[in-house]
Structures are given as structure tokens and as C-alpha cells.
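A.B. asks: prediction below, plus the sequence it came from.
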Amino acid sequence: MDNPQITAIPHAETVPIVEASEAPSQKLPPGEWLKENLFSTVGNTILTILVGAIAILLLTAGLNWVIDADFAIIRANLRVFMIGQFPRDELWRPWASNYVLLLGWGLTAGALAHNSYDTAITQDLPAAKEPLRSLLRRFWAVIAVMIFFVSFARTLPPYIGLAVAFLIAIAAREIGWRLPASIRARAMYIGAALFIIALLILAGTSNLGGLALGAVAAAWALSELGRRDLPSGITGLGIRAGVALAVGGIVFFIQKAIPLEGFGWEDWGGLQISLFTTVLGITLGMPFGILLALGRKSDLPVFKTASVIFIEFIRGVPLISLLLFSNLLLPLFLPVDFDRPADLTLAIIVITGFSAAYIAEIVRGGLQAVPLGQTEAAQASGMSAASVQRLIVLPQALRAVIPAMVGQFISLFKDTSLLSIIGILEFLRVSDTANAQPEFVGKGLANVTYLFVAIGYWAFAYTMSKESRRLELKLGVGTR
């Protein structure tokens, strides 16, 4: 049977071809949308009416409670809820420190956003500068809660201070976007430097400033040496760790010779200490967790056994017992002539180890998700073991575990409420302290203070979750 003749269609090139994925979305008018989604059947109509009635009752009850509630306890203790027992004559320190932190965040965020924009343009990918309204949508919960908290202030300076903070963040991000490419390439160093300055303004060099300088210097040395061609395996890791510790130690002792007064973290409290402990636990726990995950998968029995013992012990013990251990027993293991560290210092050591153990298991799950063929192909091409892990395996593993990782960060933020067990005046503990004040005893205001604290926890936890979903979408987590 002869093949049929194929007849050309005249002017076929003028006929537009619309693929299914490019079909325009049809938006229904509000009335038709309600009818189709809420009142399409008798059952849906009844369910919609019931849910609507319950929502109205709950909203009415909530508004009535807010109108009748006595917020005098919040107004009287607002400073304690925010920063704890910070001296009034030193209040300029947290304001100035937060301004510098916002400046560093804005510059770093703007520079990194422009770097991503340039990368997308180079790779012929869609790219656009993120508008201000998009930032407001991303951080609306924290912004709204900060405005809500400041609304309880009885003087004008907190309102002005919050407005200045918003302006600094917006202006710094715009400046970071406009920085030259050579400076934007070092955006993380700019942010780290401003972070150190902010801590020095707040805490001085007597304690926290020195630790921060040493930690950042060590991280810098480690990251820079990681880019060099050093021997692979344990030798390269030992060289990097040794140089990082040396640099950190030198900077630590140099700062001791520069007396700069501040207000040490052992006297902090409120929301400030909860956020600070969370950030420090994440920042320090993340690299240790990755090392523990790699150690657990190592072929060397010493590293594997030590990692397994640490991870399984920490994960098998409640955090509250570890905090009690840090406060009561850990100082006994220190030398006799060694000054006892502050309670918060001991707590941060425990929280870092606790966070690292859980992060290690999360990262290990991501490492197992990376196909073995990619590692073998990279090794066959001549890449060292360290380069394979840093360039091939870890990026894919960390990308795959973003949801679980952020879930752990949110849990860590809420677990900071356990610091009250060892006498630290964290955000939730302030509520009990305020209700124990003579002028508020017996007035039944615990529901007011607990709701105030719950709103604060929710705002930051929700923002972390929202940023996680944004990062997942940007990196295509869960898609092929």
C-alpha cells in the first residue's frame, strides 16, 4: 500500500501553536467563584454556612476579649519582654546594635540578590529585581508583630526607633544592590564584619566580642582554605582546621588587649536572648552537624564510632536534662583555677551540640539521597574526595533536606523557652515574672502575657517557614 501524500497547508507558519502549558488562565468573577467553590452543591452550601458561622463567632469572641483585656501588664513590662533587665542608661546599645545588624543584612541581601540576578542573566534564565512589596509580603508577619509590640510603648522614642530601623533596612538593601561587582563578590564578609561591630557595640570585647571575632575569623580561614588546592582527606581537613583555629585564637587574644566596655550576654533576656540563642545554635550547629554526618559515613572506624556515639547519645536524651547537666555538672569537668562560665555560655554549648546531632541525621538522609554514580563519576574525573563532597555531594544533599532542616531550626527557636530551667530570663519566662509582680498578682493576666508571647513565637516561626518554602521553590525541591 502506497504511503499517502502529505499536503502542505498554505501559510502554515502563520498559524500560532499554543501549548497546553501556555494556555491563559481564566479567572472567574467573584460571584461565580463563590458559587463554584463554596456553594456548588447542597452539602457544600451547608458546610460553608456552618464554617462561616463558627468563624464569625470565634472572631467576635476574640475581638471582645481584646477590647476588654487589660494590657497594663504588657505596657509596664514591655522593655523586659524585649531585652530583659537591660539598664536604662545603656538602652542606646541594643538600638545601635540592631541598626548595624539591619545595615549588614540589607547590604548582604541586596548584594547577593544582584549576584543571583547576574548569574541568571548569564545563563539565559528569567530574572528580575525583587520589588519592595515582595519583601513586605515575605516578612509581613515579623513587621506586623514589631509594630504590634511597639504599640504598647508609652513614649515616642520606640516609634521613631522602629521607623528608623525600617528605613535603614530598605536603604541598605538598595545600596547593596547598587554596589560594584567586585564588592558584591565579598558580600558575606561585609555582613560578617558588620555583625561583629554590632556585637561589639552591644557586648564589648570582654566576653562576647572576643568569641565572635574568633569564630568569624576561624570561619573565614576555613572557607578561604577550602577554595585552595590542599591535600584531600584527613590531611587537608587537619590543615584547614589548624589554620582556622590559629587565626581565631590570634584574633581572640588581640581583642583582649583592646578594652571596649559593653553589656555581657549573661545579663540579657527577653526576646533578644531567645533570638540570639537560636541564631547562635543554628550558626554553630550547622557546620558541626555536617561534619558529624560525614563522620558517620566515613570509612575510618575512629571517626565513625565517635560520630555515632555522640549523635545517638544526644538524640536519646531530652534537651532539658542536657541543660541541667550544663548548669550543674559541666563546670565540674573544668580545671580548678578556671573561672566558671556564665549560665548562658554553658547553655549555648549544650544547645549547639543538641542542634548538631539532629542536623547530622537530617544531612545524612540527604547524603543517602545522592546517587552513588555521581560520586564515582566525579572520582573517575580526577576530583579529590574533599572536592567531591564540597562540590558534588553536599550541595545536592543540603538542597534535598531544606524542609526538614528548617523544621529543626523552628523547633530550636521554640526550645529556647527551656532556658528558664537554669534561671535565664528568656521570652516565656518574662511572662511568669511579670505575673508575679505585686501590682499584678491575682488579677488573672496570665492569658494576656501568654498570648503576647505566643504571637511573638508565631511571627518568627512562620517567617522561617515561609522563607523555607520560598527557597524550596527557587531551588526546585521536589521537582525533576
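C.D. replies: Right, received. Where do you want to start? Numbers count the residues shown, from 1 in each chain.
A.B. asks: shaky segments in the stretch 1-150 of the chain?
C.D. replies: By pLDDT under 70, the weakly predicted segments of the stretch 1-150 of the chain are 1-27.
A.B. asks: mind doing that once more with 80?
C.D. replies: Within the stretch 1-150 of the chain, the ranges that satisfy pLDDT under 80 run 1-31, 34-35, 66, 68-69, 125, 127.
A.B. asks: where do the strands sit along it?
C.D. replies: Assigned by DSSP state E, counting those that start in this stretch, the stretch 1-150 of the chain shows no strands.
A.B. asks: show me where it has its helices.
C.D. replies: For the stretch 1-150 of the chain, the helices defined by DSSP state H, counting those that start in this stretch occupy 30-37, 42-68, 72-76, 78-83, 92-122, 132-138, 140-150.
A.B. asks: just the residues contacting stretch 367-374, thanks.
C.D. replies: Identification of contacts with stretch 367-374 by C-beta atoms under 8 Å, 6 or more residues apart in numbering yields Ala293, Leu294, Lys297, Ile392, Val393, Leu394, Gln396, Ala397, Ala400. C-beta here means a position set from N, CA and C on the backbone, and glycine is covered the same way.
A.B. asks: quick check: the fourth one touching Gln379?
C.D. replies: In other words, Ile392. No - using C-beta atoms under 8 Å, Ile392 makes no contact with Gln379, being 9.4 Å away.
A.B. asks: between those two, which is the more surrounded one?
C.D. replies: Per other C-beta atoms under 10 Å, whichever of Ile392 and Gln379 has more neighbours is Ile392, with 17 against 14.
A.B. asks: if I pick the residue nearest to that one when sequence neighbours are not counted, what's in contact with it?
C.D. replies: For Ile392, ignoring the flanking residues on the chain, the nearest one in space by C-beta to C-beta, 6 or more residues apart in numbering is Ala378 at 4.9 Å. Residues near Ala378 by C-beta under 8 Å, 6+ apart: Ser387, Val388, Leu391, Ile392.
A.B. asks: which among those count as buried?
C.D. replies: Buried members of these, counted by 16 or more other C-beta atoms under 10 Å: Ser387, Val388, Ile392.
A.B. asks: any figure for the gap between the residue nearest to Ile392 and Val164?
C.D. replies: 50 Å (C-beta to C-beta, to the nearest Å).
A.B. asks: now the helix or strand in which Ile273 is found: how far from the chain's centre is it?
C.D. replies: Per DSSP states H and E: Ile273 is located in helix 270-296. On the basis of C-alpha atoms, centre = their mean, to the nearest Å, helix 270-296 is displaced by 10 Å from the centre of the chain it belongs to.
A.B. asks: do a quick rundown of the helices in the stretch 351-480 of the chain.
C.D. replies: For the stretch 351-480 of the chain, the helices defined by DSSP H, counting those that start in this stretch occupy 372-380, 385-387, 394-400, 402-415, 427-435, 446-475.
A.B. asks: among these, which comes closest to Val279?
C.D. replies: Closest to Val279 of those is helix 402-415 (C-beta to C-beta; 9.2 Å).
A.B. asks: buried ones in that closest one?
C.D. replies: Buried residues in helix 402-415 (16+ other C-beta under 10 Å): Ile402, Pro403, Ala404, Met405, Val406, Gly407, Gln408, Phe409, Ile410, Leu412, Phe413, Asp415.
A.B. asks: of all the residues you listed, which two lie farthest apart?
C.D. replies: Farthest-apart pair in those is Ile402 and Asp415; separation 20.1 Å (C-beta to C-beta).
A.B. asks: most tightly packed of the helices of the stretch 1-150 of the chain?
C.D. replies: Ranked by mean neighbour count, the helices of the stretch 1-150 of the chain are led by helix 78-83 with a mean of 20 (mean count of other C-beta atoms under 10 Å).
A.B. asks: contacts for that helix next, please.
C.D. replies: The contact list for helix 78-83 (C-beta under 8 Å, 6+ apart) reads 74, 86, 91, 94, 149, 152-153, 268-272, 425, 427, 430, 433-434, 452-453.
A.B. asks: make a PyMOL selection of the buried ones in these.
C.D. replies: Remark: buried members of the contacts of helix 78-83, expressed as a PyMOL selection using 16+ other C-beta under 10 Å:
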select buried, resi 74+86+94+149+152+153+268+269+270+271+272+425+427+430+433+434+452+453
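A.B. asks: quick one: terminal-to-terminal distance for stretch 131-145?
C.D. replies: End-to-end distance for stretch 131-145, by C-alpha to C-alpha, to the nearest Å: 22 Å.
A.B. asks: contacts for that stretch, please.
C.D. replies: 166, 170, 173, 455-456, 458-460, 462-463, 466-467, 470.
A.B. asks: repeat that for stretch 440-460.
C.D. replies: If you take C-beta under 8 Å, 6+ apart as the criterion, stretch 440-460 is touched by 69-74, 76, 81, 141-142, 144-145, 148-149, 271, 275, 413-414, 427-428, 430-431, 434-435.
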